[in-house]
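Undergrad: Sequence and predicted structure, then a few things I'm wondering about:
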Amino acid sequence: MPQLENEHLMHVNQIEPTSEYQKNHPSSPILKNFEEYKTLYNESIENPTEFYGRIARKELDWIKDFDVTKYPLTGFNTSWFLNGEINASYNCVDRHAFKNPDKPAIVYEADEPGEGRIVTYGELLAEVSQLAQVLTELGVKKGDTVAVYLPMIPEAIATILAIVRIGAVHSVVFAGFSSGSLRDRINDADSRVVITTDESKRGGKSIETKKIVDEALKECPNVRNVIVVKRTGNKSVPFIEGRDVWYHEELPKYKTYTPPVPVNSEDTLFLLYTSGSTGKPKGIQHTTAGYLLNALLTTKYTFDVNQQDVFFTAGDIGWITGHTYVVYGPLAVGATTVVFEGTPAYPNFSRYWEIVDKYKVTQFYVAPTALRLLKRAGDHFIEKYDLSSLRVLGSVGEPIAAEVWEWYYEKIGRGRCTIQDTYWQTENGSHLIAPLAGITPMKPGSASLPFFGINPAIVDPVSGQELKGNNVEGVLCIKASWPSMTRSIWKDYSRYLDTYFNPYPGYFFTGDGGARDSDGFYWVLGRVDDVVNVSGHRLSTAEIEAAILENPNVAENAVVGFADELTGQAVAAFVSLKRKDLSEDQISLAKKELTQTVRKEIGPFAAPKLVLIVDDLPKTRSGKIMRRILRKVLAHEEDQLGDISTLSNPEAVTQIISSVQATR
Ligand code: ATP
Ligand code: MG
């Protein structure tokens, strides 16, 4: 059996969900116990047609029933619920509005504390209907793409749902992207209409959203119209007569109900570009029924979201997390979703906790990068808030180190909440591997067990053979299709095959390293491209980073390999410290200590040969560390950084280049 190189990571105790979780449950937990999960999981793998056929009919409202649950050809066939007809906006809005029109669908917390509003399901139905007619009037037809460049405001949710109500396709572009990135995404997706704001507000600052759109549109010949939401009302914002229309002027011209347009299960719901951590962003194409079903199921089962819950996903609609867990999941369930426009640091580091307290949030979901920031800020920002409404805490986007997991569990969850470390990708549409709230035992740092219908395989990267049994490590693949998996990369099906299916024939390749421990729990070890090979040991960046983070001086760090004559590769750690005012001596002591920690925790072979103290690490706009930049800089290839259009802090790269050069 292959050796587990990264065993250290997996030596943590299993934490059972507290019995209080089930006892104090406000309604009834979605599953009774772990056994029930196992039974359903086994059925979902052994008989996906029966499992998904039943659950899709129960959970979604269909306009026309499907007649084939899963495309029957052998091989990696990715079509589901064939010949069914459905509308996603109906499932997210109408069916709840009919029963419960006054129930809050959206709780909007504006950038400025104290500002915001509540939108009920009834109001949302009216807004979605009116906007759907505006779009139709502007010539948008079924299958056309509409670009959304909006901040986190209720109109963004209404926009997404209005687009899909008429069978059109949305392509949301994170409203922090530059005009060049926006232009490329508009042109690649062939969007005909753009929806934006006059300006937006984030962290107390105004952003000139409309000006960025105007700049981008200079090179987007196919865009006919721009719909502008008035967010700040700044009079100096340019308005191009004939092309631009105001959202608040157009909507009232139309009646408050228009029927949803039936679309085929396999019609495209949206396009979304990936974060670009590993290269040029991919235009991921998701289809309607399968995506919607898994968005709903994971919201319900992973996070235990019921209709009376208030679900706060602190992620932007510009990323898949926002699509699935701000918009589609919670609304398909009929819960209340929190739409937060601001940042965790404005006006201070208490902002999230203030929101949780104010709206009695029951599920909170965020990325480790925000948790590291808040942990570093200090616990006094948390203490005065009542967080007792919380039941479930989620994490997404990067591995969460045990250190941070424990802080989240103790300080935010106060030992009462369950933690869902959810592993998934833009391509997957919804969780692949995640513990179910109150059901699955937790292990800090492990995403635990697969969701229904997900059949993971650990594959040997050299032979391409699946490694069976427990205590195995390799690359993480998935064995069969599931409803919410991407059907293509937009207009590039061959890149789709090359990226996901050709590397390991017979499997969907995630691009991440993974291990299955002695209990059958899964560990994500970081990107395959990031694996460091020291004297034949394949070390996971996630593991070394987690060890370094145990040092109390460290705020964040990223580990990459660089060429070494003796060992093939050596480990380099880029570290940002909590305090920026340490003396030279204190810094060199901190470096020694953290090298010591890695030696002790993992072994001498994993100890970083190079430790560089930096102010900040290069990150994508979705908050992920771009390790490939660090690798390039160490390899003297700073002139070949590749696509860095999704980088959020270019100044960090400049500092890293000069600190690396100083070591030569
Ligand atoms: P690109 O594909 O363009 O390089 P990206 O992979 O960062 O960008 P996303 O789809 O936003 O784009 O991120 C998915 C990746 O995030 C996963 O492949 C994995 O590396 C990482 N990830 C997400 N959730 C987790 C998690 N819970 N634990 C560990 N890693 C995670
Ligand atoms: Mg990726």
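TA: Here it is on my side, so go on. Ligands and ions are numbered 1, 2, ... in the order given.
Undergrad: Ends of stretch 543-557, what's the gap?
TA: Using CA to CA, to the nearest Å, the end-to-end distance of stretch 543-557 comes out at 12 Å.
Undergrad: what comes up buried for that stretch?
TA: When neighbours are counted by 16 or more other CB atoms under 10 Å, the buried residues of stretch 543-557 are found to be 543-549, 551, 553-557. Every C-beta, even on glycine, is put in place using the N, C-alpha and C of the backbone.
Undergrad: CA-only coordinates of stretch 133-146 in PDB, if you can.
TA: Provided in PDB are the C-alpha atoms of stretch 133-146 (Å, rounded to 0.1, in the frame of the first residue of the first chain):
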ATOM      1  CA  GLN A 133     -40.300  42.000 -19.100                       C
ATOM      2  CA  VAL A 134     -37.800  44.900 -19.300                       C
ATOM      3  CA  LEU A 135     -35.200  42.400 -20.600                       C
ATOM      4  CA  THR A 136     -37.700  41.000 -23.100                       C
ATOM      5  CA  GLU A 137     -38.500  44.500 -24.300                       C
ATOM      6  CA  LEU A 138     -34.800  45.100 -24.800                       C
ATOM      7  CA  GLY A 139     -34.700  42.100 -27.100                       C
ATOM      8  CA  VAL A 140     -33.200  39.500 -24.800                       C
ATOM      9  CA  LYS A 141     -34.400  36.000 -25.800                       C
ATOM     10  CA  LYS A 142     -34.200  32.500 -24.500                       C
ATOM     11  CA  GLY A 143     -30.600  31.400 -24.700                       C
ATOM     12  CA  ASP A 144     -29.100  34.900 -24.900                       C
ATOM     13  CA  THR A 145     -26.400  35.800 -22.500                       C
ATOM     14  CA  VAL A 146     -26.700  38.800 -20.200                       C
END
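Undergrad: what's the average pLDDT for it?
TA: Within the predicted structure, the mean pLDDT of stretch 133-146 is 98.
Undergrad: Give me the buried positions along that stretch.
TA: If you call a residue buried by 16+ other CB under 10 Å, then stretch 133-146 has these buried ones: 133-136, 138, 140, 144-146.
Undergrad: Reformat those as TSV; add distance to residue 506.
TA: Putting those into TSV (distance: CB to CB, whole Å) gives the following:
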residue	distance to residue 506
133	47
134	47
135	42
136	44
138	45
140	40
144	36
145	33
146	37
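Undergrad: Would you mind splitting the protein into its domains for me?
TA: As recorded under the TED database, the domains making up the chain are 7-513, 531-663.
Undergrad: Now distance to ligand 1 too, for the ones you listed, in TSV please.
TA: Conversion of the domains of the chain to TSV gives the following (distance: least, CB to the nearest ligand atom, whole Å):
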stretch	distance to ligand 1
domain 7-513	3
domain 531-663	5
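Undergrad: Of these, which is nearest residue 523?
TA: Distance to residue 523, taken as CB to CB, is lowest for domain 7-513 among the domains of the chain, at 5.1 Å.
Undergrad: Surely residue 452 touches residue 41?
TA: Yes: counting by CB atoms under 8 Å, residue 41 is a contact partner of residue 452 at 5.8 Å.
Undergrad: Please say which of these two ends up with more neighbours.
TA: In this comparison of residue 452 against residue 41, neighbours counted by other CB atoms under 10 Å, the higher total goes to residue 452 at 23 against 19.
Undergrad: element containing the nearest residue to that one once chain neighbours are set aside?
TA: Spatial nearest neighbour of residue 452, excluding adjacent residues (CB to CB, 6 or more residues apart in numbering): residue 44 at 4.0 Å. Element membership of residue 44, judged by DSSP states H and E, is helix 34-46.
Undergrad: what's that helix in contact with?
TA: Applying CB atoms under 8 Å, 6 or more residues apart in numbering, the contact partners of helix 34-46 are 31, 50-52, 436, 439-441, 449-450, 452-453, 455.
Undergrad: Let me know the next secondary structure element after it.
TA: Of the helices and strands lying after helix 34-46 in sequence (DSSP H and E), the nearest is helix 48-59.
Undergrad: Report the angle between that next one and helix 34-46.
TA: Counting by axes from the mean of the first three to the mean of the last three CA atoms, to 10 degrees, helix 48-59 lies at 120 degrees to helix 34-46.
Undergrad: Max pairwise distance over the buried residues of stretch 543-557: which two?
TA: The two members of the buried residues of stretch 543-557 with the most space between them (CB to CB) are 543 and 553, at 19.6 Å.
Undergrad: where exactly do the strands run in the stretch 251-400 of the chain?
TA: For the stretch 251-400 of the chain, the strands defined by DSSP state E, counting those that start in this stretch occupy 263-264, 268-273, 283-287, 310-313, 336-340, 363-366, 392-396.
Undergrad: Tabulate these (CSV), appending mean neighbour count.
TA: Supplementary listing: those in CSV, determined by neighbours: other CB atoms under 10 Å:
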stretch, mean neighbour count
strand 263-264, 22
strand 268-273, 26
strand 283-287, 24
strand 310-313, 25
strand 336-340, 26
strand 363-366, 26
strand 392-396, 24
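Undergrad: which of the residues in stretch 276-292 are buried?
TA: Of the residues in stretch 276-292, those buried by neighbour count under the rule 16+ other CB under 10 Å are 276-278, 281-292.
Undergrad: Name the residue most distant from the centre of this protein?
TA: For the chain, the C-alpha lying farthest from the average C-alpha position belongs to residue 585; by CA atoms, centre = their mean, that distance is 39.8 Å.
Undergrad: Would you tell me which one of the domains of the chain is buried the most?
TA: The highest mean neighbour count among the domains of the chain belongs to domain 7-513 (a mean of 20), with neighbours defined as mean count of other CB atoms under 10 Å.
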